[in-house]
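Asker: Pasting the sequence and the predicted model now:
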There are 2 protein chains.
Amino acid sequence: MAQGVMEQAPAQAAGTTTTKYVYFFGGGKADGNGKMKDVLGGKGAGLAEMTNAGLPVPPGFTIQTEACREYMRGKLSPQIETEMLDALEKLEKMQGQKLGAGENPLLVSVRSGAKFSMPGMMDTILNLGLNDQAVEALAKRSNNPRFAYDSYRRLIQMFGDVVLDIPKKKFEHIFDGVKHSAKVKYDYELTPDALKKIIAEYKKLVKKETGKDFPQDPLLQLAAARDAVFRSWENNRAKTYRRINHIDDWLGTAVNVQAMVFGNLGENSGTGVGFTRNPATGEHTFFGEYLMNAQGEDVVSGVRTPNPISDLQKTMPKVFEQLKDITRKMEKHYRDMQDFEFTIQDGKLYMLQTRNGKRTGLAAVRVAIDMVREGLITQEEAIYRVEPNQLYDFLVPRLVEKGEKIDVLATGLPASPGAAVGQIVFTAEDAVKHHQNGSFKSVILVRGETTPEDIAGMEVADGILTSRGGMTSHAAVVTRGMGKCCVAGAGDCVVDEAKKELRVKGQTFRQGDYISLDGTTGRVIAGKLKTLDAQPDDPDLVKFMSWVDPVRRLQVWANADIPRDAKKARAFGAQGIGLCRTEHMFFAEDRIEHMRTMILANNEKDRRVALKKLLPMQRSDFAGLFKAMESLPVVIRLLDPPLHEFLPKREDLLVEIQHLQDTKPRSPKLKGLRTLLARVEELHEMNPMLGLRGCRLGITFPEITEMQARAIIEAAVAAKSKGGDPHPEIMIPLIGSIEEMRNQAAIVRRVADEVFAEKKAKVDFKVGTMIEIPRAALTADQIAEEAEFFSFGTNDLTQTTFGISRDDINNFLPAYLKLGIFKQDPFATLDQVGVGQLVKMAVAKGRNTRPNLKVGICGEHGGDPESVKFCHRIGLNYVSCSPFRLLTARLAAAQGALDEKNGTTQGGSK
Amino acid sequence: MAQGVMEQAPAQAAGTTTTKYVYFFGGGKADGNGKMKDVLGGKGAGLAEMTNAGLPVPPGFTIQTEACREYMRGKLSPQIETEMLDALEKLEKMQGQKLGAGENPLLVSVRSGAKFSMPGMMDTILNLGLNDQAVEALAKRSNNPRFAYDSYRRLIQMFGDVVLDIPKKKFEHIFDGVKHSAKVKYDYELTPDALKKIIAEYKKLVKKETGKDFPQDPLLQLAAARDAVFRSWENNRAKTYRRINHIDDWLGTAVNVQAMVFGNLGENSGTGVGFTRNPATGEHTFFGEYLMNAQGEDVVSGVRTPNPISDLQKTMPKVFEQLKDITRKMEKHYRDMQDFEFTIQDGKLYMLQTRNGKRTGLAAVRVAIDMVREGLITQEEAIYRVEPNQLYDFLVPRLVEKGEKIDVLATGLPASPGAAVGQIVFTAEDAVKHHQNGSFKSVILVRGETTPEDIAGMEVADGILTSRGGMTSHAAVVTRGMGKCCVAGAGDCVVDEAKKELRVKGQTFRQGDYISLDGTTGRVIAGKLKTLDAQPDDPDLVKFMSWVDPVRRLQVWANADIPRDAKKARAFGAQGIGLCRTEHMFFAEDRIEHMRTMILANNEKDRRVALKKLLPMQRSDFAGLFKAMESLPVVIRLLDPPLHEFLPKREDLLVEIQHLQDTKPRSPKLKGLRTLLARVEELHEMNPMLGLRGCRLGITFPEITEMQARAIIEAAVAAKSKGGDPHPEIMIPLIGSIEEMRNQAAIVRRVADEVFAEKKAKVDFKVGTMIEIPRAALTADQIAEEAEFFSFGTNDLTQTTFGISRDDINNFLPAYLKLGIFKQDPFATLDQVGVGQLVKMAVAKGRNTRPNLKVGICGEHGGDPESVKFCHRIGLNYVSCSPFRLLTARLAAAQGALDEKNGTTQGGSK
């Protein structure tokens, strides 16, 4: 039969370049095959593949994606119409039916199917071919008038909605009205007459809304439905989905026209969906659900509650065994867990669709390991079977939602995955208080937005909720670093910090009230849900990672400021610390006062006095890190943030002074506040991101660099004297020129020599820099003369390369994503075209000067899979990321290495 | 004799690479010549040249710069000592004297002399060779004991200060004590005995301070003085001077040892300095001053008031004629105006030094023109004889200081050159009020710092004084654009805006008090000085520019927002407008309210209503520009600044609300303020420079772009219908990606088509972009697909490439300049290494995509000579700068073209 089609397309057969638009499948043979996803879309290729594999697939044809692209360009080739009619004729012959005509009318489904799966995003029309005559024939043939009229009313409703743009609600209004007057509870209780009445009113609605009758000609229906599917490629839902999933807009969708089989022909018919394994846990058990006497949409729409597939074994044991047998073959054929749809028509099984099944991280690992054990796939393939981001699932708790009635208050940004359930507080102080005195067992900190001063509260909180800020806001970045659940920018939440109230969805929550946060989806839920703990020691995970690690070349280091994080990092496989932010230590309660004294000092002498008090504290910080990391390298970044971050906020001071002036003008406090304000004003900056920070601090106040260098070297010398083998790498931040680097490196090296002389002992150490502003990348050849290592600070490098402040991007990021100007947030995934160009340039220039230059990355991107693969490709030595991103980075690095080996640049199994 | 020296240096003569350290000059012949500035320094080369030219130069020798470099490296070759002693012997023979010995002791001067002139920056020692014996011999030989003892006491004082580091004040204290007890008014009235007493006390002081006696051995004196001169290369003064004048630190200085001639041998002796032309006006008159019975330092130190050189004609007509004759020869020989020093000893004239004279801009032009007329130089050379920045002198008034007693209150930054004298006000409103009602004839606006809201006040003020902010602060940038005098960042001034008081140097100035500002030097002067007007139509200038313009290839455009500026720009030679900032128009009083309404609108509809009111105003702005510029191109930049700049400041609102809450809690105003605050908070940004601005505004609110595009195109169509030939070029700011450019260009082109259809008329227009963030440069190949022109916004490009905010740089710029990390403010002179690399890259990538891409620059750098030459070299089409920088840019562009022609990259005459 398929050969017949080939004969009908001589131009194609003769090998000319004429496009073949329509691909037939059925009768055990298909024009296309499973590899032709570009042309046939995922579904169409799948149908061809299934057909060729001998699965019981209803026959039909696929109109290829080029037709959709032509449609978008506004010039559909007339050849499409010809080929489609030819294919239809063939289908009619094969089925022995005529589309919407005769005593046994052929009905077809018309479905979208793009190269990459976009579930539910585009439109589908079922029962196409029915009209006033065919419905009667169907009623007669099926001996089931209810089913026939119901199918027809469904067609008119779907066609009306999808093709004719008539609001769904208008149909539902009619349907509910008839149901109401018929006094029935369930749809299937409607009599054929009631359904006829609905059909009549539906047709009136179509006439009223469009000025034309519902088309009775099945061929007109078909052409219109096809075009509607093409159009649905460009609906907003679909566009959004593509943007989120990085699918190109120009790909277009194919259209699959397939003979209908019916799961609603009575109690001997049914329809269902299933997975060859459990998509939540990965367990190798047949998993799925079905409904008898129903069409597919009834299962997925959630209107009726389906039965677990195991029930089928009891009710239709033969069909169940056949299904199991077929799906087992499918899994073997596709070499991956399958997600399939089937229909039973009058006791006969049809497979409607199969595809690789989506799964949780836990399941992905389990399935990958099992399949290697089963001999289905190789270890190397197994490494591709897990999306690096999915490994996060092992590291965070999850909400248990089964059987709970959930009151979702708001949905914010999924800023840091995991779950948290606890009692809310509105200030960092309250968080610390209630945590310490044990009055709240679990604390959730609720803020408008967080600032560095909230750190203590964030550390004790189990979760953070903010009403402002994006995926890269302070709250988001810090919590991700801590592996702590965070929902950020939940705009519907009104956080009244003064009244200590959270107002949302008409409800008011006060301190001590319970809420539950789902950081993986961004949901804020009322009350106290149960949680399932993290499983970092899962034996499957351990086994999987033992396959992953030998494959990668890129080292994976962690960002960790304190020994606790360093230990966690090592547990998750860190091969070094790539970023210890020394300023985080200064925000600690026992230090910020010394820090402030230092900042408020009027002269170098007073500054040195304050720094002297900070020295032993810093030294002990570093001692702890060196101990935790043993002989692994520890990159310590010198003080980076602008000094005003350590002082009270300018506007708070202004308001407080005004208030005192108004109310207690003789208050002795006023003078002190005014002095403080004067210094705050001096340090105030229009653009703190671009101000007196980074190495500019150490150049302006060399005594700060001296103190920090001394603390590091003294700690290292002490560690070595106790038998340790510390490897400090001192990193100068925000370098933009060789002159800056030379200045700061000289101070560090001088201080080191001083300490060595005093202690009569030496340690190995390196001095290097962050490359985080464009000029550093542009002059990396010069900077490498002084810098012994580079670490790309891609957060700041992205800020300066784009000229976009991470703190302020949310004012326009939504518009940018919506318009497709950004395909993704450049602070989440490295912009390889722009920022990446600078990174590559800096690596090349740096290594040209210093061939053995060690180069890493320590920005947020170090934990993003695409960015990690990029780092592998351009030959970095390591990526450094939050401890909680280490698993992800390790896997991405391995996939990157395999991509290179296999000559691909994308994950092999996308 | 000189041949003798050659014979004494056989290694050199044999052509080996042995360094020759000491170069003799005298007796009409010198080892070196005038071209050897690298080796001999400017002064040494000059002495050789003068000697070779037969001028009456006292003989001596030059120790070359390599010796200084060796000294800095801490390894002075012993050969230097040998060569020096050989040269000394030769000098002694030639003079028939012995250094500091015998009846006729030889005395020498020891002076620095670097490759580039650094007047007064390094140390000099005179009368070297004198000791307890030689002074008696000199007294006897000269028959002038007073002179001999005075010379000796001068030597001890200078030697003590320069070589032995004894504070000058201690010598002065002794000197003044003796003078006081001798009861004399003038130094020369001191008796030999009094001088002897001073010498004795000086020697005691030396012993006390150093533990050693003043060295009696002349050779020891000589070696120590030489080393002190080497050291003085690295004193702070010298370093600062080099930094400002971009002189390399490693060059080192030569040391010139020369037989002393005395201008203080009595009333028949004297010394003086002069210029071959008037350095202030350029007039071809012999110009200078002298003192009889004095040494050179008496003339330059200002202790005694010298006589004009014309007096010499009366008192010593023969010497005067000889001097005129010699200097005329000198000018012919050097082909430039000379600045010379001479001494008359017992009626005999000696020339001590000559060099190209520094001069004002007025003088530079006049001298250049005269010298071409006199046949001394070519027109091309004349173009090099004027520093481009000097042309500014023609465009601004100057203070007349002659004969005035000046009370300099403070010295701030010379932010915008020129002079202003007027009555002070402390707010923009007061400035406008007193200007409009004529109560103050001339207004000087005094502010802590200025903001865009002060624009109206700045426009009517004659000068601006701020206590905060740098060379690129708002006040500085805006005033330079206006060609208005500004002193910025005068830190000693306390500006109390609340009390309307300026407190400085213990004085308090109130509104209406007179001050005078010198924007060229940064001085703030009490009271009302006279001024000399600008002379833009000076016939010399016009003639000079007629030579300049045909030479340059680079076009010179102007930044101008309003027709008045556009007219000025054309008068100064602008060939187009390269930047019209449309936002400046929105700050106008009649518009800011509509702007605020637009910003405060909650939805697109309300925004459009407000924009509709702004449309006709914008249209008429552009109509005015098109009229003024006739058929020249006008680049109009769409709205750029963050919207909150148009709203009241957040902290002001917070304080006002607090105050009302405290004092009038029921005030109806509170609610409005709170609503306003809410919007201000929404728009508040951590880093406004990197926030919602530029094209991000037009993308988020496309109706703004639509309104502006419509205003431009409608104005152009109207202009054309009136017979004009407008060429609008619409510039999208802050583009970072092709997607942004495509979005905005599409809106502009669509609106243009709409207008063309409505008006049934078309005009030529272009759509292009500013390249002002690194990513734009990095992806310029893509952006050029949509952009028809590029204009480098090097202010923002510098900010983002360096990661430095122009508003905040002053917190660390002083330290950076002091430490030599920056050689210059990167916002004043383009950083060719970093930012320039991006500019070059963008030009190459852009032209690769679009070979005829028009490329210009519109940042502040467009008016900086070095940067203009860079723009010429990399092949830009034009630079655009403030109208007041046009002359400078035209000249710099011409010099750049000549550099290229002559294969030099620096100005030929530096």
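Answerer: Nice, thanks for sending it over. Residues are numbered from 1 along each chain as shown, chains lettered A, B, ... in the order given.

Asker: Any residues of the stretch 551-700 of chain A in contact with chain B? List them.
Answerer: The stretch 551-700 of chain A comes close to chain B at residues A:650-651, A:654-655, A:658-659, A:662-663, A:683, A:685-692, A:696, A:699-700, as judged by C-beta under 8 Å from any C-beta of the partner chain. (Each C-beta comes from the backbone N, C-alpha and C, glycine too.)

Asker: give me that answer again for 10 Å
Answerer: Proximity of the stretch 551-700 of chain A to chain B, by C-beta under 10 Å from any C-beta of the partner chain, involves residues A:642-643, A:649-663, A:681-697, A:699-700.

Asker: List only buried entries from the residues you listed.
Answerer: A:642-643, A:650-651, A:653-661, A:683-685, A:687-697, A:699-700 (16 or more other C-beta atoms under 10 Å in any protein chain shown).

Asker: and the residue in the stretch 101-250 of chain A that chain B sits nearest to, how many neighbours?
Answerer: Nearest residue of the stretch 101-250 of chain A to chain B, counting by C-beta to the nearest C-beta: A:D249, 11.7 Å away. Other residues near A:D249 number 14, with proximity taken as other C-beta atoms under 10 Å in any protein chain shown.

Asker: Number of residues surrounding the spatially closest residue to it that is not a sequence neighbour?
Answerer: Spatial nearest neighbour of A:D249, excluding adjacent residues (C-beta to C-beta, 6 or more residues apart in numbering or on different chains): A:R242 at 6.2 Å. Neighbour count for A:R242, taken as other C-beta under 10 Å: 20.

Asker: show me the residues around A:R242 that make contact.
Answerer: If you count contacts by C-beta atoms under 10 Å, 6 or more residues apart in numbering or on different chains, A:R242 has them with A:A114, A:F116, A:M118, A:M121, A:W233, A:D248, A:D249, A:L251, A:G820, A:K823.

Asker: quick one: which of those residues is nearest B:F426?
Answerer: A:G820 (50.9 Å; C-beta to C-beta).

Asker: Just the buried residues of the contacts of A:R242.
Answerer: A:A114, A:M118, A:M121, A:W233, A:L251, A:K823.

Asker: now the fourth one: how far from A:N245?
Answerer: This means A:W233. Separation of A:W233 from A:N245 (C-beta to C-beta, to the nearest Å) stands at 14 Å.

Asker: Point out the ones among the buried ones among the contacts of A:R242 that are inside strands.
Answerer: Counted as lying in strands by DSSP state E, out of those, are A:A114.

Asker: circling back to that earlier point, among the residues of the stretch 551-700 of chain A next to chain B, which ones are in helices?
Answerer: Under the assignment DSSP state H, these contribute A:650-663, A:681-683, A:695-697, A:699-700 to helices.

Asker: Would you mind naming what in the stretch 401-550 of chain A lies close to chain B?
Answerer: Counting by C-beta under 10 Å from any C-beta, the stretch 401-550 of chain A comes close to chain B at A:G448, A:R468.

Asker: where do the helices sit along the stretch 401-550 of chain A?
Answerer: Using DSSP state H, counting those that start in this stretch, the helices assigned to the stretch 401-550 of chain A run over residues A:428-436, A:455-460, A:474-482, A:539-548.

Asker: Buried residues in the first one, which are they?
Answerer: Okay, so that is helix A:428-436. Under 16+ other C-beta under 10 Å, the buried positions of helix A:428-436 are A:A428, A:D430, A:A431, A:V432, A:K433, A:H434, A:H435.

Asker: For the last one, give me its contacts.
Answerer: Residues in contact with A:H435 (C-beta under 10 Å, 6+ apart) are A:G422, A:V425, A:K441, A:S442, A:V443, A:L445, A:A456, A:G457, A:E459, A:V460, A:A461, A:D462.

Asker: just checking, the fifth one touches A:E429?
Answerer: No - taking C-beta atoms under 10 Å as the contact criterion, A:V443 and A:E429 are not neighbours in contact, 11.7 Å apart.

Asker: any shared contact partners between these two?
Answerer: A:G457.

Asker: could the helices of the stretch 401-550 of chain A go into a markdown table alongside distance to A:V229?
Answerer: Formatted as a markdown table, the helices of the stretch 401-550 of chain A follow (distance: least, C-beta to C-beta, whole Å):
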| stretch | distance to A:V229 |
| --- | --- |
| helix A:428-436 | 53 |
| helix A:455-460 | 49 |
| helix A:474-482 | 38 |
| helix A:539-548 | 40 |
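
Asker: Looking at these, which one is packed in the most?
Answerer: helix A:474-482 (a mean of 25; mean count of other C-beta atoms under 10 Å in any protein chain shown).

Asker: Okay, and A:Y290 sits in which element?
Answerer: Secondary structure from DSSP states H and E places A:Y290 in strand A:287-292.

Asker: Can you give the distance of that strand from its chain's centre?
Answerer: 29 Å (C-alpha atoms, centre = their mean, to the nearest Å).

Asker: How about stretch A:569-586?
Answerer: Distance, centroid of stretch A:569-586 to centroid of chain: 25 Å (C-alpha atoms, centre = their mean).

Asker: First-to-last residue distance for it?
Answerer: 22 Å (C-alpha to C-alpha, to the nearest Å).

Asker: How about stretch A:720-739?
Answerer: 32 Å.

Asker: tell me the average confidence for that stretch?
Answerer: For stretch A:720-739, mean pLDDT rounds to 97.

Asker: what does stretch A:232-241 give?
Answerer: 84.

Asker: Report the buried residues of it.
Answerer: Buried residues in stretch A:232-241, counted by 16+ other C-beta under 10 Å: A:S232, A:W233, A:A238, A:K239, A:Y241.

Asker: Take the residues you listed and keep only those in helices.
Answerer: Using DSSP H, the subset of the buried residues of stretch A:232-241 located in helices is A:S232, A:A238, A:K239, A:Y241.

Asker: which residues touch A:A571?
Answerer: Here A:A571 is in contact with A:P536, A:D537, A:P883, A:L886 (criterion: C-beta under 10 Å, 6+ apart).

Asker: ugh, wrong one, I meant A:F340
Answerer: Applying C-beta under 10 Å, 6+ apart to A:F340 gives the contacts A:46, A:50, A:55, A:272-276, A:288, A:323, A:326-327, A:330-331, A:351-355, A:357.

Asker: mind listing which of these are in strands?
Answerer: A:G272, A:V273, A:G274, A:F275, A:G288, A:M351, A:L352, A:Q353, A:T354, A:R355.
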